[in-house]
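Enquirer: My questions are about this predicted structure, shown below with the sequence.
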Amino acid sequence: MKRAAIKGVMGYLPEDKLTNTDLEKLVDTTDEWIKTRTGISERRILKKEGWASSDMGAEAVKGLLKKTNTSPDEIDLLICATVTADMVFPDNANTICNKSGINNAFGFDINAACSGFLYSLTTGAKFIESGMCNKVIVVGTDMMSSIIDYTDRTTCVLFGDGAGAILLEASTDDTGIINSQFGGDGAGSAFLHMKAGGSKKPATVETVMNREHFVYQEGRSVFKYAVKGMANSINTVMKRSGLNAEDINWVVPHQANLRIINSVASSAGVPLEQVMINIHKYGNTTSGTLPLCLWDYESQLKKGDNLILTAFGGGFTWGATHIKWSYDGSDFSS
Ligand code: COA
């Protein structure tokens, strides 16, 4: 069977930082509480005039094309994972293509909250495996600062803005995206959602006054489901691929909370030195966390490394994917 391989990865982060000390001035919190309960020290916030999530995605995509020596005309499909598209419609994918000079592709968005990038990656891989596409870009981009209430201490300390993108092509060897397991539970929407702005409750003066256009989260419940969902998916994917803990070179977890990352790593039996972590620098960038981890750690990746990616998000949505890495990261000087 044809297999899809990741051929390059690129990230984009806004320059402006929002530190825990900055947040101490906005809400009743402390640097110590945030660090010990979440592992986050600072996050990036997009403040560039007129810019939105598609601009961060387009920057990552343009950098990716350049880095992998790929002409925009070669791209057949671009999938964008996001919960903060520039507009309710059209999608971000076509906007990003337009901003990146990609003219021969079709595109669409996937909204699976924090699992969006993982779901999009497998979706993109299927278009390669089926032979329908030769080159696919998957981008995750979220401007969480546009939907965060900076008067709510339970959510505003968690999220940041950022984007990452990867290029998929057919594998020429046994490396590539090997298998995925995904799960979902719509009952989870009670714990993590945005109350207004959708068709159920379109925007009115009242919804704005009631601050209903922001992320609503019952953190403690989400925490429990997240640990369970990711641990179960990792377990299934490892079994399907016949992997033991010692066969895994890297766990690449969604970056929502360092305590969640620690328990997911320990249930997979993988030491923390082999777990990609950048939550301290960026917080939870939703669709951006996984490609930004791959980007940060790319230089340490070797061809043939076994990576387990895992994510959990609103929906609830969750899953894990086993990738046999396709190139030596040191070949790229990103
Ligand atoms: N600063 C100080 N205190 C805070 C605080 C903050 N920023 N946020 C909450 N608190 C307080 C609460 O009000 C509560 O006080 P109380 O005991 O007086 O009522 C106390 O801290 C404990 O709150 P709790 O919600 O139980 O904390 P927690 O340890 O569960 O941590 C989260 C909260 C949100 C960090 C954590 O639950 C979490 O990460 N959840 C999962 C998030 C996630 O994975 N999302 C996935 C989708 S992206």
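Expert: Arrived safely. The structure displayed is predicted, hence computed values, not measured ones.
Enquirer: can I see the domain layout of the protein?
Expert: The chain breaks down by automatic domain parsing into domains covering 4-175, 177-331.
Enquirer: Dump the ones you listed into JSON lines; add mean neighbour count and mean pLDDT as well.
Expert: C-beta: built from backbone N, CA, C; applies to glycine. Shown next, in JSON lines, are these (neighbours: other C-beta atoms under 10 Å; pLDDT from 0 to 100):
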{"stretch": "domain 4-175", "mean neighbour count": "21", "mean pLDDT": "98"}
{"stretch": "domain 177-331", "mean neighbour count": "19", "mean pLDDT": "97"}
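Enquirer: What helices and strands are in contact with the one helix or strand Cys97 maps to?
Expert: Per DSSP states H and E, Cys97 falls inside helix 92-100. For helix 92-100, the elements it packs on are helix 53-67, strand 77-81, strand 106-110, strand 135-143, judged by 3 or more C-beta pairs under 8 Å, 6 or more residues apart in numbering; DSSP states H and E.
Enquirer: For that helix, give me every contacting residue.
Expert: With C-beta atoms under 8 Å, 6 or more residues apart in numbering as the test, helix 92-100 has contacts from 53-55, 57-58, 61-62, 65, 72, 75, 78-80, 82, 85-86, 102-103, 105, 107-109, 139, 141.
Enquirer: what residues does stretch 177-188 touch?
Expert: Here stretch 177-188 makes contact (C-beta under 8 Å, 6+ apart) with 3-6, 115, 118-119, 121-122, 125, 168, 222, 225, 229, 232-233, 236-237, 240-241, 314-324.
Enquirer: Out of those, which sit inside helices?
Expert: 118-119, 121-122, 125, 222, 225, 229, 232-233, 236-237, 240-241 (DSSP state H).
Enquirer: now, among the residues you listed, which is nearest to Lys25?
Expert: Val222 (26.6 Å; C-beta to C-beta).
Enquirer: show me what contacts that closest one?
Expert: Contact analysis of Val222 by C-beta under 8 Å, 6+ apart lists Gly188, Phe191, Leu192.
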